[in-house]
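Novice: sharing a model prediction with you, sequence too.
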Amino acid sequence: MKIILSIFAACIVTLSHSQNITPDEKLHFGAGAVISGVSYAFFYSQTKSTKKAFWYSLATATAAGLAKELYDGKRFDTSEWVATTAGGLTVSTALYLFTGKRKRKKQTAAIALLQD
């Protein structure tokens with residue numbers, strides 16, 4: 001039985017094709033990440049809201065990717081637009097998770113001191 005499963009697994013591995021990621025899509029991912037990081041910092045400094053900064057920076061990266069694909073004109077490449085958005089989503093999520101933690105800890109500590 002182990003031999004049959006091993007042969008079956010080997011057939012699946014050799015017949016399956018991985019998704020090819022082009023160098024251009026990697027650049028789009030990086031551009032989306034940079035755009036999202038810069039816009040997150042800007043929107044967070046203006047609004048002091050992590051939720052608004054997350055959505056605005058994600059929208060900025062998505063809009064930048066869409067604008068770039070529309071500007072190219074020849075052919076709209078959805079995979080490049082998705083790569084730009086994925087880069088924006090990655091950085092926006094990371095910044096959303098780690099921004100503002102110190103402020104909340106200080107507020108919690110101050111409230112605890114006031115209650116004592």
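Specialist: Arrived safely, thanks for sending.

Novice: what about Y56, neighbour count?
Specialist: 20 (other CB atoms under 10 Å). C-beta: built from backbone N, CA, C; applies to glycine.

Novice: what helix or strand does it sit in?
Specialist: Remark: Y56 resides in helix 50-72, with elements defined by DSSP states H and E.

Novice: any idea of the mean pLDDT in that helix?
Specialist: Averaged over helix 50-72, pLDDT sits at 92.

Novice: residues of it that come out buried?
Specialist: Buried residues in helix 50-72, counting neighbours by 16 or more other CB atoms under 10 Å, are found at 50, 53-54, 56-62, 64-65, 68-69.

Novice: any residues touching that helix, and which ones?
Specialist: 28, 31-33, 35-37, 39-40, 43-44, 47, 76-77, 80-81, 83-85, 87-89, 91-93, 95-96, 99-100 (CB atoms under 8 Å, 6 or more residues apart in numbering).

Novice: run the chain-centre distance for it.
Specialist: Going by CA atoms, centre = their mean, to the nearest Å, the spacing between the C-alpha centre of helix 50-72 and its chain's C-alpha centre is 11 Å.
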